[in-house]
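1. any chance you can model this:
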Amino acid sequence: MHEDLYKLLHRRWKARDKTNAWVFPNPATGNPYHKNSRFVKNLFDRVCARARVKRFTAHYIDAFDTNSQRSDNSADNSRSTK
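-> Model (predicted):
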């Protein structure tokens, strides 16, 4: 994780409403965002457009992190079925 992102998330964690179990609750409901909500579905579209970068999703970040941690730097994301 990039140091700036870590710092931002850490500040958000420390400043959170400690009476709520969620770090990023929906302000309208106090509950977590649902993965099918319009906000979540369009989140990366908005962020990428604002940053003027090619659209990507959290899946790319997860795959990048997983692959960058591999000792052989392989891009193979296959999972063991054992």
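
2. for the residue nearest the centre of the chain, list the residues it contacts.
-> By C-alpha atoms, centre = their mean, the chain has its centre lying nearest to residue 58, at 5.5 Å. Shown in contact with residue 58 (C-beta atoms under 8 Å, 6 or more residues apart in numbering): residue 44. Every residue, glycine included, has its C-beta placed from N, CA and C.

3. please apply the same query to residue 17.
-> For residue 17, the contact set (C-beta under 8 Å, 6+ apart) comprises residue 25.

4. could you do residue 6 as well?
-> Contacts of residue 6 (C-beta under 8 Å, 6+ apart): none.

5. which of the three states applies to it?
-> Here residue 6 is helix, with the state taken from DSSP: H, G, I helix; E, B strand; the rest coil.

6. from residue 26, how far out is it?
-> Separation of residue 6 from residue 26 (C-beta to C-beta, to the nearest Å): 24 Å.

7. same deal with residue 51?
-> Separation of residue 51 from residue 26 (C-beta to C-beta): 23 Å.

8. with neighbour numbers in mind, choose between those two.
-> Between residue 51 and residue 26, counted using other C-beta atoms under 10 Å, residue 26 has the larger neighbour count: 14 against 8.

9. number of nearby residues for the closest residue to the more buried one other than its chain neighbours?
-> Closest residue to residue 26 apart from its sequence neighbours, by C-beta to C-beta, 6 or more residues apart in numbering: residue 33 at 5.3 Å. Counted by other C-beta under 10 Å, the residues lying close to residue 33 total 15.

10. and residue 33, what are its phi and psi?
-> Note on residue 33: its backbone torsions stand at phi -70, psi 140 [degrees, to the nearest 10].

11. so it sits against residue 27, correct?
-> No. The criterion here is C-beta atoms under 8 Å, and residue 33 misses it with residue 27 at 10.2 Å.
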